[in-house]
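Trainee: Provided below for reference: sequence and predicted model.
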Amino acid sequence: MAGNAWLGLLEELARITGSEECLKYDACPHGGLVFNIDGYAASYSKLPWMSWEDFGWKSVIAAAADVIASGGLPRVVLYSVGVTSADEARRIARGVGKAARRIGAVVLKADTNRAKEDPWIDVAVVGEAEKPVGRRGARPSSYLVQAGIVGPGLVAEWVLSGRIPESEASSILELTRRPFVDPRLGGLISRCNAYAASDNSDGWAFTISTLLGSSLDAQLYSVESSSEVLGLIARYHSNPQLALFESKEDYSIAIIANKDGAECIVKGCREIGTRCNIVGRVVEGNGRIYYRGVKVEQDGWKWF
């Protein structure tokens, strides 16, 4: 199921459960708090070079990234696992605990189940948000800020598909084992009056298109990555920066704000040591993304 069809399914499920309003946010606000839950099957999300501890860590950071993108500060982590052995449960728990402490949150509750074959984890993160930021507030003549880098997820995907030898990408793959998003970024997104924000879990182009809706275009002049990632991708793709739009699970954050807000976010990021850059403009249009004049495909993650 392609990205847009997947969104259609989410809308249908939200109608069934009565949670349509929450589709406007990465993490749903309620009473001064923002809530998110994510689930992962090991067969899809535990990459071959990851330990069970890494799996627990990554699952927490992925769920927390949605809270941060919604202008929240993660405070509480709850999780449930299905495992095939007690040792798996212990190793995952270590990763969950370490990741929670790294983002300044506490683990309040856990649930353990037996999985027949494919271990899994569900992680819920609760954060505090003065002014929650959704996905659908973008406006014309605003700016797109990229927080974090894009690309390690693409390298991981190409290694898994055999396009890149794992031996050439070992240092980059380390970034996929223990991703991190500075929790203080959520406060910046809120205080700097961002119009909209979302984290990159399903593809950088897909993430941006989710913020644009059907009446705006993004005109981008940069995709921020590391020189190591760009150099490696350049060996296998004629336009490495264009290829970066396919990258998934980087947990970089796309933020749309007016000029003052964008500059406020970049300045705040500099103060907390997070890489943030203004990478483009938002203009009236019909939901398309252009990188230096070239239209970017935006299908996103495929499910089922």
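Mentor: Sure, I can see it.

Trainee: flag the shaky bits of the stretch 1-150 of the chain, pLDDT-wise.
Mentor: In the predicted model, the stretch 1-150 of the chain carries pLDDT under 70 at residues 1-4, 6.

Trainee: which residues of it fall in strands?
Mentor: Under the criterion DSSP state E, counting those that start in this stretch, the stretch 1-150 of the chain contains strands at 28-30, 33-41, 73-83, 106-114, 120-128, 142-147.

Trainee: the shortest one pairs with which strands, and in what direction?
Mentor: When sheet partners are counted by DSSP bridges, strand 28-30 sits next to strand 33-41 (antiparallel).

Trainee: again, but for the fifth one
Mentor: For strand 120-128, the paired strands and their directions (DSSP bridges) are strand 33-41 (antiparallel), strand 73-83 (antiparallel).

Trainee: could you dump the strands of the stretch 1-150 of the chain to TSV with distance to residue 247 and mean neighbour count?
Mentor: All C-beta atoms are positioned from the backbone trio N, CA, C, and that covers glycine. Shown next, in TSV, are the strands of the stretch 1-150 of the chain (distance: least, C-beta to C-beta, whole Å; neighbours: other C-beta atoms under 10 Å):
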stretch	distance to residue 247	mean neighbour count
strand 28-30	26	17
strand 33-41	18	19
strand 73-83	24	21
strand 106-114	30	13
strand 120-128	22	22
strand 142-147	12	25
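
Trainee: so for residue 270, which of the ones you listed sits nearest?
Mentor: Across those, residue 270 has its closest neighbour in strand 142-147 (11.5 Å, C-beta to C-beta).

Trainee: helix or strand next in line after the closest one, which one?
Mentor: helix 152-160 (DSSP states H and E).

Trainee: which helix or strand lies directly C-terminal to that next one?
Mentor: helix 170-177.

Trainee: can you redo the strands paired with strand 120-128 as CSV with distance to residue 26?
Mentor: Shown next, in CSV, are these (distance: least, C-beta to C-beta, whole Å):
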stretch, distance to residue 26
strand 33-41, 7
strand 73-83, 12
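
Trainee: which one, of those strands, ends up nearest to residue 148?
Mentor: strand 73-83 (16.0 Å).

Trainee: what's the angle from that closest one to strand 106-114?
Mentor: Counting by axes from the mean of the first three to the mean of the last three C-alpha atoms, to 10 degrees, strand 73-83 lies at 20 degrees to strand 106-114.

Trainee: show me what the host helix or strand of residue 232 is packed up against.
Mentor: Secondary-structure assignment from DSSP H and E places residue 232 in helix 227-234. When contacts are defined as 3 or more C-beta pairs under 8 Å, 6 or more residues apart in numbering; DSSP states H and E, helix 227-234 packs onto helix 152-160, helix 170-177, helix 240-243.

Trainee: related to what we said a few turns ago, out of the strands paired with strand 120-128, flag the one nearest residue 201.
Mentor: Nearest to residue 201, of these and by C-beta to C-beta, is strand 33-41 at 8.3 Å.

Trainee: what does the closest one contact?
Mentor: Applying C-beta atoms under 8 Å, 6 or more residues apart in numbering, the contact partners of strand 33-41 are 25-29, 46, 55, 59, 62-64, 66-67, 70-72, 118-129, 132.

Trainee: could you give me the buried positions within the helix holding residue 232?
Mentor: 229-230, 232-233 (16 or more other C-beta atoms under 10 Å).

Trainee: make TSV out of the residues you listed and add distance to residue 113 and pLDDT.
Mentor: As requested, these are exported to TSV (distance: C-beta to C-beta, whole Å; pLDDT from 0 to 100):
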residue	distance to residue 113	pLDDT
229	37	97
230	42	96
232	39	97
233	39	97
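
Trainee: quick check: the farthest pair among the residues you listed?
Mentor: 230 and 232 (7.4 Å).

Trainee: residue 96 contacts residue 107, correct?
Mentor: Yes. Counting by C-beta atoms under 8 Å, residue 96 does reach residue 107; the two are 6.2 Å apart.

Trainee: now do the shared contacts for the two.
Mentor: What both residue 96 and residue 107 touch, as defined by C-beta under 8 Å, 6+ apart, is the set 77, 79.

Trainee: quick revisit: which among the strands of the stretch 1-150 of the chain is found nearest to residue 242?
Mentor: Closest among the strands of the stretch 1-150 of the chain, using C-beta to C-beta: strand 142-147, at 15.1 Å.
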